[in-house]
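Visitor: Could you work out the structure for the sequence below:
(chains A, B, C and D)
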Number of protein chains: 2
Amino acid sequence: MAELSIGELAARVRLRPSAIRYYEAAGLLPPPARRGGRRRYDGASLRRLSFIVQARRAGLTIAKVRRWLAAWDAPPGAGSPLRDILAAELATLDARSVEIERQRARVATLLDCRCTSIADCPSL
Amino acid sequence: MAELSIGELAARVRLRPSAIRYYEAAGLLPPPARRGGRRRYDGASLRRLSFIVQARRAGLTIAKVRRWLAAWDAPPGAGSPLRDILAAELATLDARSVEIERQRARVATLLDCRCTSIADCPSL
DNA sequence: GTGCCACTTCAACCGCGCTTGAGGTCAAGG
DNA sequence: CCTTGACCTCAAGCGCGGTTGAAGTGGCAC
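Guide: Numbering: from 1, shown residues only, chains lettered A, B, ... in the order given. Now for the predicted structure:
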């Protein structure tokens, strides 16, 4: 698995090649090595991409992921606000989590109560 | 608070009036009563809209919210798969929750480890 | 009456996150 | 040699979730 084509890489993270090219153009993935004009990826690319995919699935925007990776890629100690950025991300992740938990509670409530309309539900 | 204009209603849920008109056009909110051509909302509208806003903040798409409300609005017992739909929603909410928790763990890991690049992070 | 502001409709536009299509290249298999 | 298929670039298009702008109306204060 030393080297992967864009198609193989895409298959590993369940994306389409077009999405990977898009991420590259968006500055999330560095331009990879090429052979015969075609992109060749390695294990590091795969790990970075996996991280991006996870972040996207957790609801982060492309812009946030980019800022994040950029902070991470910056020379360590070069005044990078990495820890602040990460901490802020933790906070927004937690906020999302809270919203979801709230909605979950509402759904559970609706399942329990026998009211006939959301607008009239007494427990809402 | 018996009657609300669209602007007042919007203020209560921190939306813009345009978003409320959009929801109405999208079939999430029933066309309200009018006075002098202007929409007039009551407490039931407010509760329904609050529910919609919460659902959106929890990450549900407009289409899902619509299907959901539609199932809820259907005559009770008329073969409405309400409980199934709600159960499915619970599952997707839980799935989102898991993704977020995963990402949170990754972030925490990154904060802990001192690696210099995401691609090289040993604990990823 | 005359501002003025919130409201009305309708169509057009926007940013996001990709996907799709046109038109071309490259490498392998028969 | 020829086809097949994955790849390349670049531009355009799409679905979502609204926002914005134009052109007009309602109702209240002065």
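
Visitor: now A:Pro31, what's its secondary structure?
Guide: Look at A:Pro31: counting by DSSP: H, G, I helix; E, B strand; the rest coil, its state is coil.

Visitor: Let's see the pLDDT reported for it.
Guide: Per-residue confidence at A:Pro31 stands at 96 (pLDDT).

Visitor: Identify the residues contacting the residue nearest to it when sequence neighbours are not counted.
Guide: Residue nearest to A:Pro31 in three dimensions, not counting chain neighbours: A:Glu24, with 6.2 Å by Cβ to Cβ, 6 or more residues apart in numbering or on different chains. Yep, even glycine has a C-beta here, placed from its N, CA and C like the rest. Counting by Cβ atoms under 8 Å, 6 or more residues apart in numbering or on different chains, A:Glu24 makes contact with A:Pro30, A:Pro31, A:Pro32.

Visitor: Counting neighbours, which of these end up buried?
Guide: Neighbour counting with 16 or more other Cβ atoms under 10 Å in any protein chain shown marks A:Pro32 as buried within the contacts of A:Glu24.

Visitor: Just put the contacts of A:Glu24 in JSON lines and tack on distance to A:Arg47.
Guide: Below are these laid out as JSON lines (distance: Cβ to Cβ, whole Å):
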{"residue": "A:Pro30", "distance to A:Arg47": "13"}
{"residue": "A:Pro31", "distance to A:Arg47": "17"}
{"residue": "A:Pro32", "distance to A:Arg47": "13"}
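
Visitor: Closest one of the contacts of A:Glu24 to A:Phe51?
Guide: A:Pro30 (13.5 Å; Cβ to Cβ).

Visitor: which residues in chain A form helices?
Guide: Taking DSSP state H to define them, one finds helices in chain A at A:6-13, A:17-25, A:43-57, A:62-73, A:82-112.

Visitor: Just say which of those helices is most tucked in.
Guide: A comparison of the helices of chain A by mean neighbour count, using mean count of other Cβ atoms under 10 Å in any protein chain shown, puts helix A:43-57 on top with a mean of 19.

Visitor: Mind giving me the packing neighbours of that one?
Guide: Counting contacts by 3 or more Cβ pairs under 8 Å, 6 or more residues apart in numbering or on different chains; DSSP states H and E, helix A:43-57 is packed against helix A:6-13, helix A:17-25, helix A:62-73, helix B:82-112.

Visitor: Briefly note if it comes near DNA strand D.
Guide: No: Helix A:43-57 is not in contact with DNA strand D by Cβ under 7 Å from any atom of the strand; minimum separation 12.1 Å.

Visitor: Make JSON lines out of the helices of chain A and add mean pLDDT.
Guide: What follows is these, written out as JSON lines (pLDDT from 0 to 100):
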{"stretch": "helix A:6-13", "mean pLDDT": "96"}
{"stretch": "helix A:17-25", "mean pLDDT": "97"}
{"stretch": "helix A:43-57", "mean pLDDT": "92"}
{"stretch": "helix A:62-73", "mean pLDDT": "86"}
{"stretch": "helix A:82-112", "mean pLDDT": "78"}
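
Visitor: Adding distance to B:Thr92 as columns, could you present these in JSON lines?
Guide: Listed next are the helices of chain A as JSON lines, based on distance: least, Cβ to Cβ, whole Å:
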{"stretch": "helix A:6-13", "distance to B:Thr92": "21"}
{"stretch": "helix A:17-25", "distance to B:Thr92": "22"}
{"stretch": "helix A:43-57", "distance to B:Thr92": "12"}
{"stretch": "helix A:62-73", "distance to B:Thr92": "22"}
{"stretch": "helix A:82-112", "distance to B:Thr92": "10"}
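
Visitor: I'm done for today, thanks for sticking with me.
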